[in-house]
Each structure stands twice: as C-alpha cells, then as structure tokens.
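> dropping a prediction and its sequence here:
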Amino acid sequence: MTLGYPVSYSRSRSLAARAVARDSVLRRLDWALALAVLMLLAIGTALVWSATRQRELDAGGDPQAFLKKHLLNIVIGVTLAAVTTLLDYRMLRAYAPFVYVFSVLGLLAVLSPLGSTINGSHSWIQLPGGFSTQPSEFAKVALCVALPMILAERRDAETEPRLSDVALTLGVAAVPVGLVLLQPDLGTTVVLGFIIIGILAVAGTPTKWIAGLLALGSVGVFVAIKLGVLATYQVNRFAAFANPKLDPQGAGYNVNQAKIAIGSGGLLGKGLFHGSQTNGKFVPEQQTDFIFTVAGEELGFVGAAAIVVLLLVVLWRAIRIAMLAEDLFGVLMATGIVCWFTFQAFENIGMTLGIMPVTGVPLPFVSYGGSSMFANLMAVGLLQNVHVRRYA
Amino acid sequence: MSDRSRLRLVVLQVLVFSLLVTLLGRLWFLQVAAGQQYRTAAQNNVVREVVTPPVRGLILDDQGRQLVNNRTTLVVTVDRSTMDKQKDGGVAVLTKLAKVLHTTYADLHDRIQLCGTPGAKKPPICWNGSPFQPIPVAKDVTAEVALSIMERREDYPGVSTDLEALRDYPEPDSATAAHLLGYLGPVDTQEVADSKGSSSPLYGSEQVGRDGLEAVYDEQLRGTPGVKQLAVDFGGNVTGTLGETPAVPGNYLVTSIDAKVQAVAEQALKDRIMAARQGNTFERKKFAADSGAVVVMDVNTGRIVAMASYPTYDPNVWVGGISYKEYAALTSPTSGYPLVSRAIAGQFAPASTFKVVSTMAAVQEDFSLNATYPCTSSYAFANTSKRNYESEAYGPITIARAIEVSCNTVFYRLGYETWLKDEARTKPKESFVMDARAAGYGSKTGIDLPGEMPGLVVSRADRKASWEQNKAIYCSRAKTGYPEVKNQAQAAYLKAIAVENCVDGWMYRGGDAVNVAIGQGDTLVTPLQVARLYSAIANGGTLYTPEVAKAIVSPEGKVVQEIKPKVAGRLPASASTIAYLQQALRGVALRGTGSGVFGPSYPIAVAAKTGSGTVAGKDDTSWFVSYAPADKPKYAVVMMVSQGGTGAGTSGPGVKTIYDALFGVKGNTVDANASILPGGVLPSALPPASAYGQPVAAAATASLTMPAAPTTPTPVTGLAMALPPAQDLRRLSGGGP
C-alpha cells in the first residue's frame, strides 16, 4: 500500500515538529468533523452498553459483552479511517474498480449458500470465530468511490455528464442495487438509490433526468412491494406506518414502544441505565436499528438532540469538504457520502419518532454493528482524504 | 466545479439542514410537548398490580352480637397467563375442570374473559379484575371437588383452590335485619375509574356495599386491599417486586340495633300482618295487609333500636353474586317488592297520628287548650259536611279528649277555622302545613340508610306550582272529556273534576285544610318520620336525626369514630303544649282508642296514638304509634300495616308484644329479669373488647397447601389437613371466643 503525502516535508524535522507544521496532515485535517464523529462514537458506546447490559444480565451473559465488541469495532474502524485518510488520493481512483468488484462479489456471496439470515434479512456472511459481515454496508463505500470515478472523467469544457457516462453510471450502480434488493434489504437499497441520485445531480446531470430517476425509483419501490420481492413483514411495516393503530401488538408495536421510550424521556431523560422501556426490553433491536430510543429515554431531549446536532455538524463539514474539494472526483465522493449519511440518519431517527416507516438501517456512528461502523468510518477517512488536499 | 454543481450542493445543504431540523422538531414534540402522555404509557408498560382483597369489617349490634360476619369458602381459581401459555389456550384444562365443577367449558371460558374485551360477557360473568390475578370461577365448592383438583395439580396447570371470605348472616336470635344491613355487589368499571386518586381507590375485583349499612359505611367496612406492584418486562414476565402494601382489614360497625329487640319486632310485624289477613283482634274482616313496617327508636338519642319491614328477603341470595332468576323474583310486580324498606321508603297518610301536629298548629292559631270544642257526628263547612269516624258524637270536649277518642270533627273545625283566618290574611300563615314541616314531615330525616323517602306536605304554593304544571292537561280534558272511559257516569264525573281543576285547581280550599287537620288529603309520611316525631314529643321536643350506626371500631377494638346523636331541630311547640300532648297521648292508652290494647292494667305507662288512614279503593292503613314509659320515656315504638285496618286492631297488639319483651311484662307485672335487654335497659357503652378481633387477612387468599401425597384414595376429612387451623377460620370470621 502506498502512503502518499500530498505535501513535501523535510526529513530533518522531528516527528513532533512535522506533526505541527503548517503543511502537515494533522493540521490540514477537518478537526470539527473528527471531533463530531468521536463524540458520536462516545455517545454510541454508552448507549450500546445501556441497551445490552440488562438483556445480557437477564440471559445470564456478560453484561459488557456488547460493550467490548463495540469498542473493538471502533478501534478497528478508526484505524480504517486513518488508513483511508492517508491513502494516496490519486491511487483512490485506481482502487475504485477493485473496491467495486470486491463488494459485488461479497453481495453475490450473501445470496450463495455462504449467506445467512439475521432478523429476516438475508444480508450476512458468517465468518469463522463467530464474526459476521454485511457486504451491503461496503457496497455504499464502493458506490461512493466507483460512481465519481466514472463521472469525474470528462473533457474540460463540459459542464454536464454525457448520456453515455450517465448510462454507464446507472449500469454500474444497478448491479449492487439489484443484489441488495434481492436480499431483500429495502433500507439499504434506498440508501444506495440516494447516493446514486445525489452523485448524478451534483455531477451536473440535467434536472429532467434526475426527476426521471426519482420517479423511476419511486415506481421501483412500489413495484417491489407489489411483486412480493419484499418479505411480508416489510410490507406490514409500511401498512403500520400508514396507520399505527392497525396492529399495536404486531407491526405497529415496535414503533409504538419506540415512541413511548423516547417520549417518556422528557427533557432530561431517566439517566443512563435507568430507562424502564430499555431495561424492560420493550423495544426490539435496541442496540442496532433502535439505538436512538435509548438516547431518547435515558438522555432525554438534551441527549437525543445532541446526537442530531452532532450529525448535522458531520454533514455540514462533509458538504463543506465537497465545496472545497480540489477536483470533481472529490466533490462527488463527498456528495455521495453526504447523501448516504443524511438519508440513513433521517430514516433511522425518523422511524423511531414515527415519521418514517420502519426499515432496518443503522444510525451512523451510534448503532452497534461492525460492518456499518467500518463502512461509516472509512467514509469519514475518505472525506478527510479529500479535505487534506483541498485548495486552500 | 461548475456553477450547476455548486448550486446543487447548496440545494443538498438546504435539504440536509431541513431534514435534521424536522427531526429536532419532532423530538421536541414527543419528549417535551407530549412527554407526560408517554411517561404514563411507559409507567403502565412496566407496572402490574396484584390485589389482595381485605377482609371486610363486621357489623355488630349494641351488645356486640354479629349481625354480619364473614365465612370462608373454597373457591376454584384459574390463572389466565398460565392458560394463555397452554398450547391450545387452555381448552383442554378448562374442559376437564368444567366436568369436575359440573359446568360447561363455555361457562368457564366466559368467566375468565376480561370485562370490556371483545366477546366478553357483561359483569358479573366477565372478570373485572387484573389479568394477573387468579380468577375465581367457582365458589362454595365442596371439599371433594377441591381435593380432586389439588391431588392432580399436574392435570390442572393454572388452576388452584383458594380460601375466600364471603359475607355471612348469623342471624343472632333469628334477627335478619335484611333491610338495615343491605348487601354487596361487584364494583363496576365507572366506580373504579371515579375512585382513582381518592383516599380509598377501588379495584376491579372488589365487592362494595349496594344497600343498607353495607352501602352507607362501605368505605369504613371495606378496608384497604393489599397491593403488590410487580415490575414486568415486554413479555409480561415478572422481573421484580416494586412495592407491597399488605391488606388492611376493614373496621367493625357497631350499631344501635339490638338483635333481640329486632327479632321480636320482626316477628311481631309478621304475626300482625298474618293476623290482619285472617281478620284482626277487633274486626272480623279479612284485610289485604300487603306490607308493613315497625320502628323502635331510643327517644333520647334518635337511635334505631329495631327496624323491620315486611315483606322481607333472605340476604344470603346476594352472597357470591345473585342469579338473574333470584333477582327477578325479588323485583317482579308479583313479588310485593321485598327489597323496599317500608320503614324509610314507604309513604302513607299519617291519619289520626297527625293530630298531635294539628294540636301544635291550633295552639299557634290561638285555640285554647283549656277550652272545649263540640265533637259532633258531622261537621258542616262551606257547602258540604264531613262525618266523624263511624258518626260518633262525644259532645263538647277538650282537645286532649279529642285526641284520646280521635274525634275528627273537632279537628275539622280547627283546620277549617284556621283556613278561614288564612283566607283573610294577606299572607296566609298555613300553620298546619308549616308545623308539619317543622315536625320533620315532607323532608328526609337523614337516617344513615340509603333509599329514604321524604313524604309529602302540600302548601298553597306547592298546590299552585303543581297546577301550573298540569293545567294544560286539565283544561284539554275539560274540553275533550274522557271518551276512553266506558262508564258514562264516571266519564262525566271525571270531566266535571277536570273542568273544576282547569278553572281553579290552584285553589287551596277549605276541604283541603280539613283533610290536612286529620292527616289525610295529600299528606304522606314514612313510619320513621312518625317514630321520630313521637320521640320528640316524648323527650320534650327535640328532633334527632335518626341513626343506626353508633361507632366505627378497629379490629383491635380501638374506637375509630363515635357516631354521636345529632339534634336536627325542635318541635314547633312550647314545653307546656308538649306536656299537654304527653298527657293526651297517655290518655289514649288509658281510656282512649289505645285502651283496648293497653288500658289501666298494663304495668308500663304507655303513651299512644292510633291511626286508620283512608286510601281510596283499598283497606285502611293501620297505625299504632307510642312511647313508654310515659313519665320517663325510653322507647318510641311505631307499627304500620298497609291495608291492615284499624290501628288498635292490627298494629296495637304488635306494639304491645314489643313492650312486653322490652320491659319484661308478664301479665300485669314487670320482671326486669324477663326483659330481653340485660337489666331491662339499653347498653350505654359500646360492646366490650372481646367483641372485636383481628381477622386473618392473609387467609383470604392463602392457597391451600397440598397434603402429603396420598397413596390411597383420600377420605374427605383429609381436607382438614389442607385447611388452615380451625381457630384461624374462626378468627377470619372475626368472632371472639
């Protein structure tokens, strides 16, 4: 692996001196972004611990089992982010096809006998040693790298991508989207859809085409529901979203209990580890998809709003990075990541607040889960990589 | 970067910002604006209450005898959550259980449905309590049944046999006092909701007093249920106990009822009604005698010593829930309405017993008590005349003598001449009406029993108000007549009345005043009101609020609340007028209309008044009203038999029976030892400490423990091992040694 430093440095300077030098990587990092992400990771760690402690105790397990694994995931994830930050920017484009092919192979493996089903979603590959991975998370990274690679290759005077580029982009994107939809994982499919549309839009694709694509996407989701591609429980979630009173003990139950958990937190919350909804296991999947309910119940409006504000800081910095990027590739990559995080955060928090239908997507940086943690932090590394070599 | 790309990034930025602000807004709404609602929902999620019913307090008589206590019964309960965990939802278990209990699966199924859930039957079939509580499906099961279930526990998962306390009526000295005691019924959903947040909240599975003392003193008798607050998780699994308050048994209610006097009064009333139906002491005629009431009051306190109504009912029908059939039998038109307590809710014309009020009114109208008035065989006034009872004439007599012989014509005159004075006044005094009201007629006495009626006293203003309300009907009938009435003569008569009413139905005529003076016309009173008025005459003029309860005492014997006599007012008469009336009433028993019952030879000086109320188309209402001893009065005794004939003929002997028992009268002598009251007097103190006891609260729900596994068929007596020790059962029923 080649570590490319964008600026010259003198070997005569000490390591410390280099670190604080005006042109050092450390000084050029977006520290606001890094700090916001680290704070989200810290809050997430506390919430994962609280969400799993009582469950594990009730089941006779180690109350810190999830906490330990989560911390390990963070260590690995931060390392990945650091490595990604330091990758040679020029080499990133060269790696893009490999990243893409690798993730498609992963998605294919999921559909092969290697794949396994967790919580009704056939999205996982069991690895030796009790680990498992979710290739669809890495497909997000792959699209954020591969699509800009196609669209950034253009002649000087052009302000919008050629039709052939758009077609190629869609073709390349269609493969992982199709594979994820087959799992079926509607949440991730929609995330991928927003990444594609966001990148195409910022690449300058004419508005008509973007509108057409949005329409196509909506029809696609509708057809997916009608054709029975989705599992019954997923369709029921949409029905329950449309009418929460439909089945308070069934599909609407999770949403209802999630709202009770968050609403009962009030302004200041019940205190970490003191949520009755959390400890009573009323909200399912609480360390992953419904982690936000722990924040709402135990940390109250103050804590839950802090998460939203920190996510807003991350997205604000990411858009700023896109605007300051040295080239179109950087702009589009950062755009893809902004779309990814935005949709995923809005969908995840929105469903716990009852304003979005339930689809299983994790809350970036906060939810428990290795694959998504790694993918999210790699994306942060990509953002920092773009930022380090910005114009100014 | 092109301008278009930059613009689109700005659009993306706006989009991101607005989406996240939306989340913040929604978050604020859920957590801060609507937070309370969700806090309640979260609380309801995790806390489940299991209620242990308290042991209800007992009702004692003045000597400490138990009028109502508790008995234990074997109940079979079904635990819903265990049923729900069965593969078939408990169908097999319930079917098997139904066979043992000689009922059907459908019946058991209905009984364990929660009230208000779809498909559930109405209370009391459905279960009103918590789903976390074992639901009783059969009460009063035999020991064999209980044992056969306990022996094969594994065959009956979720089914258990418990001991439960039920109301019991020991009927000391065979006094039932059904109308006084009342009964219990299951609480309804509305009451549970209303009682939330009060000092004594109700739980769905509780029984509350529905009538009588059980209803009025329900809160004191009920006790406080034990509540165990269980923490549960999403699956309803109990994760811990959040708190537990033990059940507090209810307090004892000590009444002024004396069971022995009550028993005598009940029997005397029944006997006299039966006698009237056969033809009473003086008259040869058979009377309808459809109902009656008797009141024995302590004249110096207004407390009720005994009170009974006829027809009556067996209070046991309410225990453990009345069946529809039993309820219909108590309320159908052919039942005689035994649930109605005639003593407080029966309204009758007071007839001649009203003459004491008329005397007070006459004094206020300046008629002299020393003068004489002609007792003619009839009294002519306006364009009509009214005859004396059986047209007897006694010549000029005093008012006292007129009371003794119950001369109507003397009182007709007093009433009519007062009416003439009122007609001349710009503002009529209406002394007869006002004095009746001052004597407590026309309004409730305020006795501590439910369902009391106020009676009726009609003034000029009342008459006018009622005419205003009805004149449209009168006048329309005056025009149309009564074509639906077949009898031509009757139709013409009704039409004539309608014409008259249409024109001057508001008028308070001389005839009305004449009727009021002898306790007829519109005036209606309850036997209790009469007893209270005569008690006031006996005690020198103080009207008490009648009371049945004397004290509320804790199971430890500590007096929680003493219920003191309450003075409600004074008779509208001076001390000398009252003394005059006392003399007159004594005269009634000595040489007047009551002399046939008592006379000079009766060893107790009784003061009395008879009354025979006229009711159109029915037999007379028989009144015998009295107090004794005349010189130092203790008791007022009033008996009334509806359609019973004359006061002296039907009710008088019943009253005498009660005095015989109270004072220990044997022939012409008094033997205080023969009195049914110890020492011949009412107890001045509350019953001794031995009358109370600590009920064993826990035993009410204590599960029967399984005896050591029997290898041979267990005889029924084997259950004795399983039941709590015998003395515990006795203590549960609150009894002393």
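Sure, I can see it.
> show me what from the stretch 151-300 of chain A comes close to chain B.
Residues of the stretch 151-300 of chain A that fall close to chain B, judged by C-beta under 8 Å from any C-beta of the partner chain: A:159-160, A:198, A:201-204, A:257, A:259-267, A:276-277, A:279-282, A:296-297, A:300. All C-beta atoms are positioned from the backbone trio N, CA, C, and that covers glycine.
> which helix or strand contains the residue of chain B found nearest chain A?
Going by C-beta to the nearest C-beta, chain A is nearest to B:Tyr38 of chain B, at 2.6 Å. B:Tyr38 belongs to helix B:35-46 when assigned by DSSP states H and E.
> buried stuff in that helix?
B:Gly35, B:Tyr38, B:Arg39, B:Ala41, B:Ala42, B:Asn45, B:Val46 (16 or more other C-beta atoms under 10 Å in any protein chain shown).
> follow-up on the earlier one: buried subset of the residues of the stretch 151-300 of chain A next to chain B as a ChimeraX selection?
If you want just the buried ones from these in ChimeraX, going by 16+ other C-beta under 10 Å, the selection is:
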select /A:160,198,201,202,203,204,257,259,260,261,262,263,264,265,266,276,277,279,280,281,282,296,297,300
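> listing partners with orientation, what would you give for the following helix or strand past the helix holding B:Tyr38?
Going down the chain from helix B:35-46, the next helix or strand is strand B:47-52, by DSSP H and E. Counting by DSSP bridges, the strands paired with strand B:47-52 are strand B:226-232 (antiparallel).
> so the partner strand versus helix B:35-46, what angle?
Orientation of strand B:226-232 against helix B:35-46 (axes from the mean of the first three to the mean of the last three C-alpha atoms, to 10 degrees) gives an angle of 100 degrees.
> next, the contact list for the closest residue to B:Tyr389 other than its chain neighbours, please.
In space, and not counting its chain neighbours, B:Tyr389 is closest to B:Asn408: 5.7 Å by C-beta to C-beta, 6 or more residues apart in numbering or on different chains. By C-beta atoms under 8 Å, 6 or more residues apart in numbering or on different chains, the contact set of B:Asn408 is B:Ser352, B:Tyr379, B:Lys386, B:Arg387, B:Asn388, B:Tyr389, B:Ile518.
> okay, and which of those map to strands?
With DSSP state E as the criterion, strands contain B:Tyr379, B:Lys386, B:Arg387 from among those.
> residues touching the spatially closest residue to the last one that is not a sequence neighbour, list them.
By that I understand B:Arg387. Distances taken as C-beta to C-beta, 6+ apart place B:Ser378 nearest to B:Arg387, at 4.2 Å, with adjacent residues excluded. By C-beta under 8 Å, 6+ apart, the contact set of B:Ser378 is B:Ser385, B:Lys386, B:Arg387, B:Asn388, B:Ser391, B:Thr409.
> ChimeraX command to pick out the buried ones of those?
Buried residues among the contacts of B:Ser378 (16+ other C-beta under 10 Å), as a ChimeraX selection:
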select /B:386,388,409
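> so A:Glu123 touches A:Leu186, yeah?
Just so we're on the same page, residue A:123 is Ser rather than Glu. No: the pair A:Ser123 / A:Leu186 is not scored as a contact, 11.1 Å apart, by C-beta atoms under 8 Å.
> longest helix of chain B?
As assigned by DSSP state H, the longest helix anywhere in chain B is helix B:3-28.
> in that one, what counts as buried?
Those would be B:4-5, B:8-9, B:12-13, B:16, B:19-20, B:22-24, B:26-28, for helix B:3-28 by 16+ other C-beta under 10 Å.
> of these, list those near chain A.
Answer for the buried residues of helix B:3-28 near chain A (C-beta under 8 Å from any C-beta): B:4-5, B:8-9, B:12-13, B:16, B:19-20, B:22-24, B:26-28.
> in the stretch 251-392 of chain A, which residue sits closest to chain B?
Closest to chain B within the stretch 251-392 of chain A is A:Gly263: 2.6 Å, counting by C-beta to the nearest C-beta.
> for that residue, what are its contacts?
For A:Gly263, the contacting residues are A:Gly296, B:Leu30, B:Gln31, B:Ala34, B:Gly35, B:Gln37, B:Tyr38, B:Arg39, B:Ala41, B:Ala42, by C-beta under 8 Å, 6+ apart.
> in the residues you listed, find the pair that's most separated.
Maximum pairwise distance among the contacts of A:Gly263 (C-beta to C-beta): 14.5 Å, between A:Gly296 and B:Gln37.
> residues touching B:Lys427, list them.
Here B:Lys427 is in contact with no residue (C-beta under 8 Å, 6+ apart).
> so which strand or helix has it?
Using DSSP H and E, no helix or strand contains B:Lys427.
> got the phi and psi for it?
The phi/psi pair for B:Lys427 (degrees, to the nearest 10) reads phi -120, psi 100.
> among the residues of the stretch 151-300 of chain A next to chain B, which are in helices?
Assigned to helices by DSSP H, the following of those qualify: A:198, A:201-202, A:257, A:259-265, A:276-277, A:279, A:300.
> out of the residues you listed, the closest to A:Leu227 would be?
So of those, ranked by how close each gets to A:Leu227 (C-beta to C-beta), first place is A:Gly198, at 26.4 Å.
> pretty sure the closest one sits against A:Cys339.
Yes: using C-beta under 8 Å, A:Gly198 is in contact with A:Cys339, at 3.3 Å.
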